[in-house]
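Undergrad: just the structure for this:
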Amino acid sequence: MKTYIARAASRIRAVAESFDRREALGKAMADYDLIFAKQMAAGDLRGARATLDKLVDMLDLGAAVRVDAASEPVEIIVTYEDRLNDRERA
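TA: I've put the predicted structure just below:
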């Protein structure tokens, strides 16, 4: 049992050390983009909407932004990299 646990712990460490968050995010985004494109091509708007909602959730793009109505108009631009950097700092 101790040998099994030691081997499992070693594998977990190896996976954790080689994990690249940016690469994983890129792969997930590409997968969602492919699924979304296939759903749109098939006319599956309900499925495409669900896929888009999952992508928005994954990227945390649905967060509300408040702007004081009395203030000057503000243009807010947030890139995928900004979101990724925010998540890495958290």
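
Undergrad: tell me the secondary structure at the closest residue to Y32 other than its chain neighbours.
TA: What sits nearest to Y32 in space, not counting adjacent residues and going by C-beta to C-beta, 6 or more residues apart in numbering, is L55, at 4.4 Å. The C-beta positions use only the backbone N, C-alpha and C, and glycine is treated the same way. Classification of L55 using DSSP: H, G, I helix; E, B strand; the rest coil returns helix.

Undergrad: give me the neighbour count for L55.
TA: L55 has 17 neighbours, counted by other C-beta atoms under 10 Å.

Undergrad: which residues are in contact with it?
TA: Residues near L55 by C-beta atoms under 8 Å, 6 or more residues apart in numbering: M29, Y32, D33, F36.

Undergrad: restricted to buried residues, select those in PyMOL.
TA: Of the contacts of L55, the buried ones go into a single PyMOL selection, burial set by 16 or more other C-beta atoms under 10 Å:
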select buried, resi 32+36
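
Undergrad: tell me how far M58 lies from T3.
TA: From M58 across to T3, the span is 38 Å (C-beta to C-beta, to the nearest Å).

Undergrad: neighbour count winner among the two?
TA: Set M58 next to T3 and count neighbours by other C-beta under 10 Å: M58 wins out with 13 against 7.

Undergrad: centre of the chain to the host helix or strand of the more buried one, how far?
TA: Using DSSP states H and E, M58 falls within helix 45-59. Here helix 45-59 shows a centroid-to-chain-centroid distance of 11 Å under the convention C-alpha atoms, centre = their mean, to the nearest Å.
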